[in-house]
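**Student:** Generate coordinates for the sequence data below:
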Amino acid sequence: MKKKLTKANLVAEIAEINKLSKKKVSNVLNSLAKISYREAENGFIVPGICKLTVVRRKERRCRIPSTGQLILIGEHDALKVTPIGSAKNAVAPKHLKTITVIDEKTEIKNKTETRDQKNDTTPAPTPTQNPLPKETPTPDSDSGSIVFGCPECGSMISAPSDSIGKSAECPFCSVEVKIPLNNPETNANEDSAAKNNQEADLQSGGFMTFFCDECGQEIESAKSMAGMTASCPTCGSQIDIPDSSMPPPTATDDSQQSSSMTMRIDLMDL
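**Tutor:** Numbering: from 1, shown residues only. This next block holds a predicted model:
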């Protein structure tokens, strides 16, 4: 590695080239520096080297690197040194071999294709901890399971009977579904029959009253629902609908008190 050229070496080299004394060369360099300082405000060009100008810096905030303290530097003048063209070409000339012409149309096309490929790649669905089984047996194939349709994609799903009322993820469309009480295949016929029976019961007055064994709530239902199983609208316990009206149970403690308001249930609540 070459040593840096000091001022003394510079003076000696200039004096030797121009056959001058070192003192005269040193005086010329000092005079050039003084003139540069004086004329920098007006824009001074050091022949063959650079241009000196004075610029106005705006107020700004910065931090001290060693301490991280925030400081404010006010508006001030600063010296700007710009190399001239001849100095640039002499020190670092331009090389045509390093310049490459880019086809803008091809560049845009490549970027568009890359973006489309990224958009086409869809991530795989994340497996759930308790996915529903993918098998979809018929309702009669397993008496201990419930088969229902996904409300989002319509796919038939089978779930254990002990999971009624719980939420799980559809194995086909990954939408969260709630496991119903009954199979939807039979609900359509039951809903139609329920409406017909309810209309007939309203016209004939065929209703009966009974009481929940758990909470003592008075419940009213159509006589056509006798023998069916439903949920108490107050405590949610499973109750068997009797064949006829029943007297209120005798309360043995404070927990079983009949409500003053009768709750009606119909086939839509099953």
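**Student:** Specify the residue ranges that define each domain of the protein.
**Tutor:** Taking automatic domain parsing as the reference, the chain has its domains at 1-42, 45-92, 145-181, 186-269.
**Student:** could you dump these to TSV with distance to Ile99?
**Tutor:** The way it works is simple: take the backbone N, C-alpha and C, and place the C-beta from them, glycine included. As requested, the domains of the chain are exported to TSV (distance: least, CB to CB, whole Å):
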stretch	distance to Ile99
domain 1-42	30
domain 45-92	14
domain 145-181	53
domain 186-269	76
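**Student:** quick one: which of those has the weakest pLDDT on average?
**Tutor:** When those are ranked by mean pLDDT, domain 186-269 comes last with a mean of 67.
**Student:** Run through the strands of the stretch 1-150 of the chain in chain order.
**Tutor:** Assigned by DSSP state E, counting those that start in this stretch, the stretch 1-150 of the chain shows strands spanning 44-46, 50-57, 60-63, 70-73, 76-83, 145-149.
**Student:** Deepest-packed of these, please.
**Tutor:** Greatest average neighbour count among the strands of the stretch 1-150 of the chain goes to strand 145-149 (a mean of 19), per mean count of other CB atoms under 10 Å.
**Student:** Just the buried positions in the helix or strand just after that strand, please.
**Tutor:** Proceeding N to C from strand 145-149, the next assigned helix or strand is strand 156-160, under DSSP states H and E. Within strand 156-160, the residues scored as buried using 16 or more other CB atoms under 10 Å are Met156, Ile157, Ser158, Ala159.
**Student:** Strand 156-160 - contacts with which helices or strands?
**Tutor:** Helices and strands touching strand 156-160, by 3 or more CB pairs under 8 Å, 6 or more residues apart in numbering; DSSP states H and E, are strand 145-149.
**Student:** related to what we said a few turns ago, Lys3: which of the buried residues of strand 156-160 is nearest?
**Tutor:** Ile157 (83.9 Å; CB to CB).
**Student:** residues touching the closest one, list them.
**Tutor:** Shown in contact with Ile157 (CB atoms under 8 Å, 6 or more residues apart in numbering): Leu132, Thr136, Val147, Phe148, Gly149, Cys150, Cys170, Pro171, Phe172, Val177.
**Student:** Run through the bridge partners of it.
**Tutor:** Note on Ile157: beta-bridge partners by DSSP bridges are Phe148.
**Student:** And the helices in the stretch 1-150 of the chain?
**Tutor:** 7-18, 22-39, 85-91, 104-120 (DSSP state H, counting those that start in this stretch).
**Student:** Distance to Ser221 and mean neighbour count added to the ones you listed, as TSV?
**Tutor:** Converted to TSV, the helices of the stretch 1-150 of the chain look like this (distance: least, CB to CB, whole Å; neighbours: other CB atoms under 10 Å):
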stretch	distance to Ser221	mean neighbour count
helix 7-18	111	13
helix 22-39	107	12
helix 85-91	98	11
helix 104-120	57	9
